[in-house]
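A.B. asks: Generate coordinates for the sequence data below:
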Amino acid sequence: MVSAAATLPDKTGFTAQFWGVRGSIPTPGSDTVRYGGNTACVEVLAGNTRLIFDGGTGLRVLGKHLLHGQADIEAHLFFTHAHWDRIQGFPFFIPAFVPGNTFNIYGSPAPNGASIKQCLTDQMLRPNFFTPLQKMQANMQFHNIHAGTVVPLEEGLTVETIALNRHTSALGFRVSWQGHSLVYATDTEPHSRELDQNLLYLAQDADLLIYDGTYADTAYHDLNSNASIAWETGINLVKEAAIKELILFHHNPAHDDDFLDRMEMEIRQHFGNVRLAREGMILQLV
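C.D. replies: Got it, this is the predicted structure:
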């Protein structure tokens with residue numbers, strides 16, 4: 001169910017809000033207004049606990065929103081991997097510069113062995129950026145996690161992980177709380193129609209799957225070519241794992257609003273319970 005709520009729900013609420021839905025590079029402009037141009041960032045609220053998945057440029061917008069809310073902001077920030085579109089908003093996340101705020105930050109080692117802390121630190125060094133991570137005054141705790149890690153959080157809330165992509169070391173996440181579950185699985189390997197058995201296990205009976213199903217590289221240039229492989233795999237996964245709803249995410253920067261409208265219409269002819277992610281979209285699991 002889509003809600004307009006933008007604050008923490010009560011203890012029975014479980015919501016997801018999309019602050020950035022684009023892949024690779026931000027795409028501001030008049031032709032991306034409806035879907036949005038910020039890169040990947042999804043906020044999940046489970047009772048009084050805030051989780052953030054990926055820190056693309058949508059994280060900057062989320063940070064501005066949080067500054068207008070309660071004092072002493074706390075959140076758990078999970079990075080799927082350290083590609084630029086997943087971390088480029090972190091230097092502009094203003095709440096991380098505010099004393100009294102607390103952030104637990106989770107990520108797996110990059111293919112070169114660098115921890116998520118190293119990746120975020122390197123991004124903020126000159127000549128890339130003018131303010132080092134050490135200037136962030138919030139209390140930040142960094143946690144190295146791996147495929148198979150289960151992170152227990154407050155009030156019975158858990159986050160499970162699997163490996164999604166051997167080339168990027170990307171992780172997939174399942175958030176479980178009060179009998180509901182949400183799976184965040186992006187930067188998958190879309191070049192095969194075979195289902196990933198690890199992802200099939202992680203996503204079994206989930207209420208919501210946020211899936212990397214609309215990104216297209218140069219080989220996926222139109223709806224009549226192999227562009228359908230990614231979303232067809234997502235639909236097959238939904239059917240096989242008995243998932244209630246599918247949201248396709250991580251849109252190609254080359255795809256404008258009109259293209260994504262056509263893609264959504266095409267996909268819904270094959271499977272009705274699917275939508276393309278849009279900035280500002282809020283989903284509530286009840």
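A.B. asks: low-confidence ranges in the stretch 51-200 of the chain?
C.D. replies: For the stretch 51-200 of the chain, the stretches with pLDDT under 70 are 189-193.
A.B. asks: Please enumerate the helices of it.
C.D. replies: 58-67, 84-87, 116-123, 197-203 (DSSP state H, counting those that start in this stretch).
A.B. asks: Would you mind listing the outside residues contacting the second one?
C.D. replies: Contacts made with helix 84-87 from outside it, assessed by Cβ atoms under 8 Å, 6 or more residues apart in numbering, are listed as 22-25, 39-40, 54-56, 79-80, 119-120, 123. Glycine gets a C-beta too; all of them are placed from N, C-alpha and C.
A.B. asks: what do you get for the longest one?
C.D. replies: Contacts with helix 58-67, where a contact means Cβ under 8 Å, 6+ apart, come from 6, 18-21, 36, 38-43, 52, 73, 89-90, 92-96, 98, 279.
A.B. asks: Just the buried ones from the contacts of helix 84-87, in PyMOL syntax?
C.D. replies: Entered in PyMOL, the line below selects the buried ones among the contacts of helix 84-87, by 16 or more other Cβ atoms under 10 Å:
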select buried, resi 22+23+24+39+40+54+55+56+79+80+119+120+123
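A.B. asks: okay, now residue 74: neighbour count?
C.D. replies: The tally of other residues near residue 74 (other Cβ atoms under 10 Å) stands at 17.
A.B. asks: Then residue 143?
C.D. replies: When neighbours are counted by other Cβ under 10 Å, residue 143 comes out with 16.
A.B. asks: hang on, the earlier thing: which members of the contacts of helix 58-67 are classed as buried?
C.D. replies: For those, buried by 16+ other Cβ under 10 Å: 18-21, 36, 38-43, 52, 73, 89-90, 92-93, 95-96, 98, 279.
A.B. asks: Cool, thanks, talk later.
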